[in-house]
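**Q** sequence? don't have it. structure:
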DNA sequence: AAGTTATCTGCAATCGTTTTTAGCAATTTG
DNA sequence: CAAATTGCTAAAAACGATTGCAGATAACTT
């Protein structure tokens, strides 16, 4: 009933376990034919746990994301999985944005995986430092833990992307430009705000404190932030929203408040979505290749697992693109094809 | 540098390995204080692989879905993860809808996990029968492999859901109702088509073969199917689309063809989406709780792992709900609140 | 055919735990 | 006070593989 062991196979053929083991590892063996047959007859499968115990490797890589349900994180996971190929299998942990769960999960990870691809929920965790001591391979994606240097990471070019977004609004003549931002303590939150501020400064638009709303990257957060902006005496005429979920929330708020986009308020979001061109109006966004980000993270990690920390940490960045649709107003000037989106820049840089 | 072993701890304290082991398992031990200290000092963590080898358990459950990137499957995965709690960790495999990859993945799974939650890409795989021989715990979700009985499963109530969708269109006065269906060989494809046909029959609407289009559950498939319907001499006035991705494709086709929804064609989809109320027009759909489906699958699986196959297989079903928005035409009659959606039925049945 | 290599083999140790067994000391009992 | 019970402990045997070592075949030399 239960699985046959290598010794069952050996016994059946009349050779030693080591011979069977060598046959399995591809060495030349005298009775290879009968061993092959015995393996098939007994439906023998090597016990992975025993193998792992001996080798000290697990053939598994953990991927920790705040939430698989967020299409952006799902794309990262998928990218990582594809890049892993047949060499490694994925252990998925979505922490539900709960730092405690995350910490507990990381603890339980030890010994189960050969490496970790890590999108931390908060930036001030320090569980991970335990790993650092053991030179355990970790690659950070999208966010980075602030007190740690010396780890590999694959980030988005948040500053440039946010600046492109803000400039796009400026190009449409807006000066009352709000920013619904992610947590200032987070890598993408901070980076995008920096890009936003830099673009304003360059255009000599003085910043209005009311127009900067720090939120939390959630749908509800975006909704509330937008409601807050709508309640202002002097409403902004344009808003740059710092991530996909907050953009959804902001749009819901606008719809509920019957505020027309883009006529009354122009909206640009960060991160594209399968449905972005079907929403009303089709959404102009900054996009970056999350799948690629996951894939780069995985290949960096595999390299690190293979070669250890003899090479300096890699800090990769994925480019941001401006995808123009209709939520920022007339786009006739920019349109060149009848396709409903146009990618202004692309490719990957390190 | 590398991890300390139980024998290091034992040596440091001056007791035997077994004593430390028993301390770890929660037994009463004389030098528990010094053992505790030694464990902390040495930063000792039990080697999971060794433990697994001894126990024959892995503490892992595999989840195989066609694509994590599909929000519906992501919700299943998340539901399963939540239900697993701290007892089991998830090994995720998304096969990219490639049956060969899927088969290979299942093969590599053996010995790595204690059970499997399985959304098969195709319905005629037979790898899984290997597992059946070993009474390996498997729970099917959403789809079921046709030549296999005797496994647990958690499906949606496809027939009822599809009938609700079709009836909703009929209630709006439509008789030329098309159905963009999933593969007839798949559980949800077949079930939803059955519901559609049953509703037509009950309303004494004779079915039009042109109005039944079998597609493949993808965005592109839905797009092409809708294009085909639009090319008909006698266009349908309403269409029921068999899953989320095909609905997106269909909407893109309609938008591209500048066909107004719902005035020229009413659309109802299967499976809700975070953005369904933001698309133009807000989409009326049949929805079911995918998160719950995943959670039920996991708890069924854990039960099965614990108790084995002494209990007969569970065949669970999750209810479908009609979420009315605006893609089927005027909804004033139905609206009772100013919320933009209304759930007509809910809860779970077995 | 005998000597020299080149291949292949089995034995035994090992990976780091858990668990069974038997034993020892302290406590309780008759 | 001897005997029985309790409460812990160490030693050893698993779990199922891989691998270094030394010995046994087989394959070449000359």
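**A** Thanks, I have the structure now. Owing to the predicted nature of the structure, the values given are computational and were not obtained by experimental measurement.

**Q** you'd agree residue A:161 is up against residue A:268?
**A** No: counting by C-beta atoms under 8 Å, residue A:161 does not reach residue A:268; the two are 10.4 Å apart. C-beta here means a position set from N, CA and C on the backbone, and glycine is covered the same way.

**Q** Overlap in contacts, the two.
**A** residue A:286 (C-beta atoms under 8 Å, 6 or more residues apart in numbering or on different chains).

**Q** where do the helices sit along chain A?
**A** Using DSSP state H, the helices of chain A run over A:6-13, A:17-24, A:32-42, A:48-55, A:71-84, A:99-109, A:128-133, A:158-171, A:187-202, A:219-230, A:244-256, A:290-307.

**Q** closest to residue B:36 out of those helices?
**A** Closest approach to residue B:36 among the helices of chain A (C-beta to C-beta): helix A:99-109, 16.7 Å.

**Q** Return the angle between stretch directions for the closest one and helix B:48-55.
**A** 70 degrees (axes from the mean of the first three to the mean of the last three C-alpha atoms, to 10 degrees).

**Q** Minimum distance to DNA strand C, which residue of chain A gives it?
**A** Nearest residue of chain A to DNA strand C, counting by C-beta to the nearest atom of the strand: residue A:30, 2.8 Å away.

**Q** Run through chain A and note the low-pLDDT ranges.
**A** A:1-2, A:129-134, A:147-148, A:331-350 (pLDDT under 70).

**Q** Break it down into its domains, please.
**A** A:6-46, A:60-157+A:290-319, A:158-288+A:321-349 (automatic domain parsing).

**Q** Ok, which of these comes nearest residue B:219?
**A** Among those, if distance is taken as C-beta to C-beta, the winner is domain A:158-288+A:321-349, at 7.3 Å.

**Q** On the strand side of things, show who the spatially closest residue to residue A:92 that is not a sequence neighbour bridges to.
**A** Leaving out its chain neighbours, the residue that sits closest to residue A:92 by C-beta to C-beta, 6 or more residues apart in numbering or on different chains is residue B:92, at 3.9 Å. Beta-bridge partners for residue B:92, by DSSP bridges, are residue A:90, residue B:63.

**Q** Could you measure from the closest residue to DNA strand D within the stretch 251-350 of chain A over to residue A:87?
**A** Per C-beta to the nearest atom of the strand, residue A:306 is where the stretch 251-350 of chain A lies closest to DNA strand D, at 16.1 Å. As judged by C-beta to C-beta, to the nearest Å, residue A:306 and residue A:87 stand 10 Å apart.

**Q** Check residue A:152 too.
**A** Distance from residue A:152 to residue A:87, by C-beta to C-beta: 18 Å.

**Q** Could you do residue A:170 as well?
**A** Distance from residue A:170 to residue A:87, by C-beta to C-beta: 47 Å.

**Q** Looking at these two, which one has more neighbours?
**A** residue A:170 (18 against 12; other C-beta atoms under 10 Å in any protein chain shown).

**Q** If we go by neighbour counts, what in stretch A:290-308 is buried?
**A** For stretch A:290-308, a neighbour-count test (16 or more other C-beta atoms under 10 Å in any protein chain shown) marks A:290-302, A:304-305 as buried.

**Q** What residues does the stretch 201-350 of chain A have near chain B?
**A** By C-beta under 8 Å from any C-beta of the partner chain, the residues of the stretch 201-350 of chain A that approach chain B are A:219, A:248, A:251-252, A:255, A:273-275, A:277-281.

**Q** Relative to residue A:81, which of those is nearest.
**A** residue A:274 (18.7 Å).

**Q** Name all residues that make contact with the closest residue to chain B within chain A.
**A** Closest residue of chain A to chain B, C-beta to the nearest C-beta: residue A:280 (3.3 Å). Residue A:280 makes contacts with B:278, B:279, B:280, B:281, as judged by C-beta under 8 Å, 6+ apart.

**Q** likewise residue A:199?
**A** Residue A:199 touches A:162, A:163, A:165, A:166, A:167, A:170, counting by C-beta under 8 Å, 6+ apart.

**Q** ok, and the closest non-adjacent residue to it?
**A** Nearest one to residue A:199, counting by C-beta to C-beta, 6+ apart, is residue A:166 at 3.6 Å.

**Q** One more: residue A:237?
**A** residue A:176 (4.7 Å).

**Q** Ok, residue A:279 next?
**A** residue B:278 (4.5 Å).

**Q** List the contacts of the one you found.
**A** Contacts of residue B:278 by C-beta under 8 Å, 6+ apart are A:248, A:251, A:252, A:255, A:275, A:279, A:280.

**Q** ok, now residue A:274?
**A** By C-beta under 8 Å, 6+ apart, the neighbours of residue A:274 are A:71, B:219, B:248.

**Q** Which of those has the largest number of neighbours?
**A** residue B:248 (25 neighbours).

**Q** Check the spacing between that one and residue B:72 real quick.
**A** For residue B:248 relative to residue B:72 (C-beta to C-beta), the value is 12 Å.

**Q** show me the contacts for the closest residue to residue A:95 other than its chain neighbours.
**A** Nearest-residue entry for residue A:95: residue A:102, 4.0 Å, with adjacent residues in sequence omitted and distances by C-beta to C-beta, 6+ apart. Neighbouring residues of residue A:102 by C-beta under 8 Å, 6+ apart: A:64, A:93, A:95, A:120, A:121, A:122, A:125, A:127.

**Q** and those residues near DNA strand D, which?
**A** Among the contacts of residue A:102, no residue is within reach of DNA strand D (C-beta under 7 Å from any atom of the strand).

**Q** need these in JSON lines with neighbour count, can you?
**A** Shown next, in JSON lines, are the contacts of residue A:102 (neighbours: other C-beta atoms under 10 Å in any protein chain shown):
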{"residue": "A:64", "neighbour count": "24"}
{"residue": "A:93", "neighbour count": "25"}
{"residue": "A:95", "neighbour count": "22"}
{"residue": "A:120", "neighbour count": "26"}
{"residue": "A:121", "neighbour count": "21"}
{"residue": "A:122", "neighbour count": "18"}
{"residue": "A:125", "neighbour count": "18"}
{"residue": "A:127", "neighbour count": "16"}
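
**Q** could the residues you listed be laid out in a markdown table, adding distance to DNA strand C?
**A** Shown next, in a markdown table, are the contacts of residue A:102 (distance: C-beta to the nearest atom of the strand, whole Å):
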| residue | distance to DNA strand C |
| --- | --- |
| A:64 | 23 |
| A:93 | 22 |
| A:95 | 26 |
| A:120 | 27 |
| A:121 | 29 |
| A:122 | 30 |
| A:125 | 25 |
| A:127 | 20 |
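
**Q** farthest-separated two in those?
**A** Top of the distance list for the contacts of residue A:102 (C-beta to C-beta): A:93 and A:122, 14.9 Å.

**Q** Please tell me how far residue A:294 sits from residue B:97.
**A** 18 Å.

**Q** let me fix that: residue A:32
**A** Counting by C-beta to C-beta - residue A:32 and residue B:97 are separated by 37 Å.

**Q** Residue A:52 too?
**A** For residue A:52, the distance to residue B:97 - C-beta to C-beta - is 30 Å.

**Q** Hmm, residue A:94 and residue A:63 touching each other?
**A** No: counting by C-beta under 8 Å, residue A:63 stays clear of residue A:94, with 9.0 Å between them.
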